[in-house]
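> any chance you can model this:
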Amino acid sequence: MFFRIKQSESRQYLQIVENFRDQGRVRQRVLTTLGRLDELQQSGHLDGLLTSGARFAEHVLLLTAHRNGQATVIGTRRIGPCLIFERLWQQTGCQAVVRELLAHRHYDFDVERAVFLTVLHRLCATGSDRAGQRWKEDYLIDGADDLELHHMYRAMAWLGEQLPADQQQGFSKLVPRCTKDVIEEKLFARRQDLFSQLDIVFFDTTSLYFEGHGGETLGQYGHSKDHRPDERQMIVGVVLDGEGRPISCELWPGNTADVTTLLAVVDRLRQRFRIRQACIVADRGMICQRTLDELDETGRPYILGARMRKQKEVREQVLADSGRFRVVHESRQKSTDPAPLKVKEVTVEDRRYVVCVNPEQVETDRAKRAQIVAALQEQLRRGDKSLVGNKGYRQYLKVEGEGHFAIDEAKLADEARYDGTWVLRTNHTDLSTAEVALQYKKLWMVEHWFRDCKSLLETRPIYHHCDATIRGHVFCSFLALVLRQELQARLADRDHVLEWADVMRDLERVQYVQVAQGDKHYRLRSELQGTAGRVFQSVGVAVPPTVQEVE
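Alright, predicted model coming up:
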């Protein structure tokens, strides 16, 4: 039932109307007409009627009392992220797999809840695990109230715990097989069926630095991608499938070179996940001649970025090829269109290369270089001593005369060859030239993964002092990104294009306010705002009632 205003010439009448179903159709009927609206308002009869009826609507009175500051507020706790990611934690199989592995272990606390708490903290906030202990007090997380900081540390140690010797096939002392590896394999198996096949996998690495010694073996000095050569670090590699779902994360000591990790990953993928043949897509940093030779000898398919400036064959033969390009994507007509792309295939002896060009990026690179040259010319007019330490300027300069600098026109012309261009090398004969280029562009998903891992989830710096807890710490970030990717995939299935920051902000706004009214306690849910409603629908989570009595 509801109120309705009926217009009759210049007057308005207030009616009570109800919906009813007649022969499968919804119809309405007027129960009563209360009178002219202006007269009801002036006489106060309408206010009296509503006040009298409110006595029988306890929830309405409670909400009104809270709105007027007349209900005692006991506390406020956020529920949006907990509800959404708890459901995804269950539906992706994370909860079931963790509980299965814990079935025969006897801890004095709920390890699965401690792992989920750590994963949720990585998704919602930045900061250390110690900060996460304080953070959870603001959230209504099922089974987390009794968890303490040492429980979270012990849960991470379990995730990174080394398995017995009879379960170490294919692993080494530097990279032992741990609990986390079993979880990755079981999660992968849950989403595979008889008809699914892993044809493409993407791989990339980064470094994470430590505040401290960095465990027994993982923390080592090496080439730092964080620009922190003063700190010990570890190398983290991640493998994604063709749809961008994380498959596994690999961990090595910090002095491991990228070019030594690719073959190890390929071998372990085949052994751990029973993959017969999958094409590895990796960046140019993964390439060395020994790696290429072994991949070619064993027939393992790959798509690898080539170092255009450093490889003589690429620089002098591949880029100099005069063959015609094939257009894959035309120039963009609107911002949502794919970036323009043209490709051509070049074969040197039996080696297959694919040259890719983005015309938009060509113009961007050309404009940036023109700005640098203009700034150089201005600096040279003022004096060239200040240019010695500027790496960006120095690449376009040559020494002329008595130790003075001049713009090197030959270097400018040579650099123009690389504008908006990248070169790939592949031995995959089943993919067309365009498909090779498009698959490599998907590798940027991995780069996004690393940016999220570092900035959003604040995996670094790492404060733990044992290899096991360090492995568990990084793996919790990996699980967090499994849940994030699952949520983004479900939003995409409903054609929702939402900024991640907006999603998390709006979920954080969904909260319970616990109030006392008389001798009873209630939880009052806030209204859904912004993107929250679409997120709840996409995940299939029912919105909690507005008012809920607490026992």
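> can you give me the first-to-last residue distance of stretch 124-134?
13 Å (C-alpha to C-alpha, to the nearest Å).
> and it, how far from the chain's centre?
On the basis of C-alpha atoms, centre = their mean, to the nearest Å, stretch 124-134 is displaced by 18 Å from the centre of the chain it belongs to.
> for it, buried residues please.
By neighbour count on 16 or more other C-beta atoms under 10 Å, the buried set for stretch 124-134 is 124, 125, 128, 129, 132, 133. To be clear about C-beta, it is placed using only N, CA and C from the backbone, and glycine gets the same treatment.
> can you put these in JSON lines and add pLDDT and secondary structure?
As requested, the buried residues of stretch 124-134 are exported to JSON lines (pLDDT from 0 to 100; DSSP: H, G, I helix; E, B strand; the rest coil):
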{"residue": "124", "pLDDT": "89", "secondary structure": "helix"}
{"residue": "125", "pLDDT": "84", "secondary structure": "coil"}
{"residue": "128", "pLDDT": "73", "secondary structure": "coil"}
{"residue": "129", "pLDDT": "75", "secondary structure": "helix"}
{"residue": "132", "pLDDT": "80", "secondary structure": "helix"}
{"residue": "133", "pLDDT": "83", "secondary structure": "helix"}
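> can you lay out those residues as a markdown table showing distance to residue 432?
As requested, the buried residues of stretch 124-134 are exported to a markdown table (distance: C-beta to C-beta, whole Å):
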| residue | distance to residue 432 |
| --- | --- |
| 124 | 43 |
| 125 | 45 |
| 128 | 48 |
| 129 | 48 |
| 132 | 48 |
| 133 | 53 |
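> so what's the nearest residue to residue 109 once chain neighbours are set aside up against?
Of all residues not flanking residue 109 in the chain, residue 151 sits nearest, at 4.7 Å (C-beta to C-beta, 6 or more residues apart in numbering). Residues in contact with residue 151 (C-beta atoms under 8 Å, 6 or more residues apart in numbering) are 109, 111, 114.
> can you classify residue 151 as helix, strand or coil?
helix (DSSP: H, G, I helix; E, B strand; the rest coil).
> chain center to stretch 315-322: distance?
With C-alpha atoms, centre = their mean as the basis, stretch 315-322 stands 38 Å off its chain's centre.
> no, scratch that, I was asking about stretch 244-253
14 Å.
> likewise for stretch 227-235?
The answer for stretch 227-235 is 23 Å, by C-alpha atoms, centre = their mean.
> residues making contact with it?
205-214, 218-224, 226, 251-254, 256, 258, 261, 461-462, 470, 474.
> rerun that using 7 Å as the cut-off
Stretch 227-235 has contacts (C-beta atoms under 7 Å, 6 or more residues apart in numbering) with 205, 207-210, 213-214, 218-222, 224, 251-254, 256.
> how far away is residue 464 from residue 84?
From residue 464 across to residue 84, the span is 28 Å (C-beta to C-beta, to the nearest Å).
> strands of the stretch 201-350 of the chain, start to end?
233-241, 246-253, 279-282, 302-305, 326-329, 341-348 (DSSP state E, counting those that start in this stretch).
> low pLDDT regions in the stretch 451-551 of the chain?
Residues of the stretch 451-551 of the chain meeting the criterion pLDDT under 70: 452-462, 517-518.
> wait, which of the buried residues of stretch 124-134 is closest to residue 26?
Proximity of these to residue 26 was ranked by C-beta to C-beta; the top entry is residue 124 with 42.1 Å.
> shouldn't that closest one be in contact with residue 79?
No: if you go by C-beta atoms under 7 Å, residue 124 and residue 79 don't touch, sitting 11.9 Å apart.
> next, the angle from the host helix or strand of residue 469 to strand 246-253.
Assessed by DSSP states H and E, residue 469 sits inside helix 467-493. Per axes from the mean of the first three to the mean of the last three C-alpha atoms, to 10 degrees, the angle that helix 467-493 makes with strand 246-253 is 150 degrees.
> if we can go back for a sec, and the contacts of stretch 227-235, which are buried?
The buried subset of those - by 16+ other C-beta under 10 Å - is 205, 207-210, 214, 218-220, 222, 224, 251-254, 256.
> top of the contacts of residue 151 by neighbour count?
residue 114 (26 neighbours; other C-beta atoms under 10 Å).
> how near is it to residue 132?
Counting by C-beta to C-beta, the gap from residue 114 to residue 132 is 10 Å.
> what sits in contact with each of those two?
residue 152.
> could I get the full set of helices for the stretch 351-500 of the chain?
359-382, 391-394, 409-416, 433-441, 444-451, 467-493, 500-508 (DSSP state H, counting those that start in this stretch).
> ok, and which of the ones you listed has the densest surroundings?
Highest mean neighbour count among the helices of the stretch 351-500 of the chain (mean count of other C-beta atoms under 10 Å): helix 467-493, with a mean of 22.
> next, the angle from it to helix 500-508.
Using the same axes, to 10 degrees: helix 467-493 against helix 500-508 is 90 degrees.
> got the angle between helix 467-493 and helix 444-451?
130 degrees.
> which neighbouring elements make contact with helix 467-493?
For helix 467-493, the elements it packs on are helix 80-91, helix 111-124, helix 149-159, helix 179-190, strand 246-253, helix 532-539, judged by 3 or more C-beta pairs under 7 Å, 6 or more residues apart in numbering; DSSP states H and E.
> weakest of these by average pLDDT?
Note on these: lowest mean pLDDT is at strand 246-253, with a mean of 86.
> for that one, packing partners?
helix 179-190, strand 233-241, helix 467-493.
> which residues does it contact?
Strand 246-253 is contacted by residues 174-175, 184, 188, 201, 217-218, 220, 234-241, 261, 265, 471, 474-475, 478, 481-482, 485 when judged by C-beta under 7 Å, 6+ apart.
> in the sheet, which strands lie alongside it, parallel or antiparallel?
Partners of strand 246-253 in the sheet, by DSSP bridges, are strand 233-241 (antiparallel).
> next, the angle helix 179-190 makes with the partner strand.
10 degrees.
> and strand 233-241, C-alpha only, in CSV?
Output of strand 233-241 as CSV, limited to C-alpha atoms (Å, rounded to 0.1, in the frame of the first residue of the first chain):
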residue,chain,number,x,y,z
GLN,A,233,65.6,-7.8,-2.0
MET,A,234,63.8,-10.8,-3.5
ILE,A,235,62.6,-11.5,-7.0
VAL,A,236,58.9,-12.1,-7.6
GLY,A,237,57.6,-13.6,-10.8
VAL,A,238,53.9,-13.9,-11.7
VAL,A,239,52.2,-16.1,-14.3
LEU,A,240,48.8,-15.2,-15.7
ASP,A,241,46.6,-17.1,-18.1
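> residue 443: what's it in contact with?
Residue 443 touches 202, 204, 281, 283, counting by C-beta under 7 Å, 6+ apart.
> against residue 24, how distant is the second one?
Here the criterion is C-beta to C-beta. By it, residue 204 lies 58 Å from residue 24.
> of the two, who's got more company?
Each of residue 204 and residue 24 has its neighbours counted (other C-beta under 10 Å); residue 204 has more, 22 against 5.
> nearest residue to that one other than its sequence neighbours?
Per C-beta to C-beta, 6+ apart, closest to residue 204 is residue 446, 4.2 Å.
> quick one, what contacts the one you found?
202, 204, 238, 240.
> at 8 Å what do you get?
Here residue 446 is in contact with 202, 203, 204, 238, 240 (C-beta under 8 Å, 6+ apart).
> I'd assumed residue 4 was in contact with residue 37.
No: the pair residue 37 / residue 4 is not scored as a contact, 10.7 Å apart, by C-beta atoms under 8 Å.
> what touches both of the two?
residue 14.
> so these two - more neighbours on which side?
Shown here are residue 37 and residue 4; by other C-beta under 10 Å, residue 37 has more neighbours (17 against 13).
> so which of the strands of the stretch 201-350 of the chain comes closest to residue 505?
Nearest of the strands of the stretch 201-350 of the chain (C-beta to C-beta): strand 246-253, 24.1 Å.
> returning to what we had before: would you reformat the helices and strands packed on strand 246-253 as JSON lines and include distance to residue 381?
Formatted as JSON lines, the helices and strands packed on strand 246-253 follow (distance: least, C-beta to C-beta, whole Å):
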{"stretch": "helix 179-190", "distance to residue 381": "60"}
{"stretch": "strand 233-241", "distance to residue 381": "44"}
{"stretch": "helix 467-493", "distance to residue 381": "51"}
